[in-house]
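Novice: Requesting a structural model of the entry that follows:
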Amino acid sequence: MSNVNYKSPLYIQLREVIRSKIEDGEYPVGTAIPSEAQLAETYNLHPLSVRSALSALKYEGLLRSVQGKGVYVNGPKTERDLETLGGFRQTMDERSIDAHTRVLIKALRPAGPYYSRLLDLAEEDSVWFTKRIDYINREPAALEEIYIPEKLLPSYGDVDIELFSIYDILIWNDLRPTDADQTLRVVFLEPSKAKLINMSSDQAVMELTNLTRDARGRKIEFARNYVRPDKIEFFTHYAKEHKQQGK
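Specialist: As a prediction, this is how the structure comes out:
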C-alpha cells in the first residue's frame, strides 16, 4: 500500500481501502464489488470521489467495469503454454475465434455416490455444478457439465463465469491445473440435451470427459463436454522417443 493517511485526498483513501479488501480476500477475484452508490453511502463520500477511486484501480488492472453489470475484481494475467491444460475460452481466444458461453445452471448439490468417488469426497460433501453452452461464431457448439468441490473453491458461487473463465478462477485460487485423465467417445444425447446444441437425438456427438488435478494431486474438477462434431475437432500429437544407438 502506498503512503496514505487521513490527510490524503478522500478518493485516494477509498482507493486504498478497496485495494486492502481485495488483497485480504473480502472482495474475491471474479466477484462484483459494491456499486458506486453503495460505496458513496457507506463511506459518506461524493460520487465523484468514488468514481475517481474506482477509475484509478481500473487503470491498474485490479478492477474491471462491465456495462450493465457493475465493477468486478480482476485476477492477475495468466501465462499459458499451448501444450498445457486450458478451458474452452482460452482455446478459442488463442485462435482468435469469436466464442462465448451461456450458463444454464450454477448451483450447489451433494456429491452423491458417483461424484464422491470420482473427486475423493464424502457423499454428503457439496460440489458446485455448472451446466453451460459454448458458442462459436454465435452457434451452439458444445454442452458442458462441470463439477468442482465446494471446499476447494468456496467463493465460486459469487463469481460471474460468463465474464471470467473457470480456468482462470482455478488458478487465481491456487488450484492450477497440472494434469488430467481424459476420455473421448461417441454418444447419442437424450432429446432435451440434444436440443440445447441444435442437434437431434439420432445425431451422434463426441463426449469428452476430463478429471483434472492440481500440483498437490487434488482432484479439482470433473468436466463432461458434449461436442458437436461439425463445430469442433480434436487434435493430438504423438512423438515416439528414439534412443541413440551405440556403434
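Novice: so where's this protein uncertain?
Specialist: Applying pLDDT under 70 to the chain flags the ranges 1-7, 77-98, 233-247.
Novice: domain ranges for it?
Specialist: For the chain, automatic domain parsing gives the domain ranges 10-73, 88-227.
Novice: what about the shortest one, start to end distance?
Specialist: So that's domain 10-73. Domain 10-73 has an end-to-end distance of 21 Å (C-alpha to C-alpha, to the nearest Å).
Novice: how about Arg224, what does it touch?
Specialist: Counting by C-beta atoms under 8 Å, 6 or more residues apart in numbering, Arg224 makes contact with Glu144, Glu145, Ile146, Glu207, Leu208, Thr209. Yep, even glycine has a C-beta here, placed from its N, CA and C like the rest.
Novice: so which of those comes closest to Asn44?
Specialist: Ile146 (42.3 Å; C-beta to C-beta).
Novice: and the gap between that closest one and Leu170?
Specialist: 11 Å (C-beta to C-beta, to the nearest Å).
Novice: Now the common contact residues for those two.
Specialist: With C-beta under 8 Å, 6+ apart as the test, Ile146 and Leu170 both reach Glu221.
Novice: Which secondary structure state does Val103 sit in?
Specialist: Of the three states, Val103 takes strand under DSSP: H, G, I helix; E, B strand; the rest coil.
Novice: and it, what are its bridge partners?
Specialist: Using DSSP bridges, the beta-bridge partners of Val103 come out as Arg132.
Novice: That one contacts Tyr135, doesn't it?
Specialist: No: counting by C-beta atoms under 8 Å, Val103 sits too far from Tyr135 to count as a contact (11.9 Å).
Novice: Please name the bridge partners of Glu144.
Specialist: Counting by DSSP bridges, the residues bridging with Glu144 are Arg132, Asn225.
Novice: circling back: between Val103 and Tyr135, who's got more neighbours?
Specialist: Each of Val103 and Tyr135 has its neighbours counted (other C-beta atoms under 10 Å); Tyr135 has more, 19 against 13.
Novice: If you drop the residues flanking it in sequence, what lies closest to the more buried one?
Specialist: Closest residue to Tyr135 apart from its sequence neighbours, by C-beta to C-beta, 6 or more residues apart in numbering: His100 at 5.3 Å.
Novice: One more: Gln182?
Specialist: Asn210 (5.4 Å).
Novice: For the one you found, give me its contacts.
Specialist: By C-beta under 8 Å, 6+ apart, Asn210 lies in contact with Ala180, Asp181, Gln182, Glu221, Phe222, Ala223, Asn225.
Novice: ok, and what's touching stretch 172-181?
Specialist: 29-30, 75-76, 84-85, 152-153, 155, 167, 170-171, 210-215, 218, 220-221.
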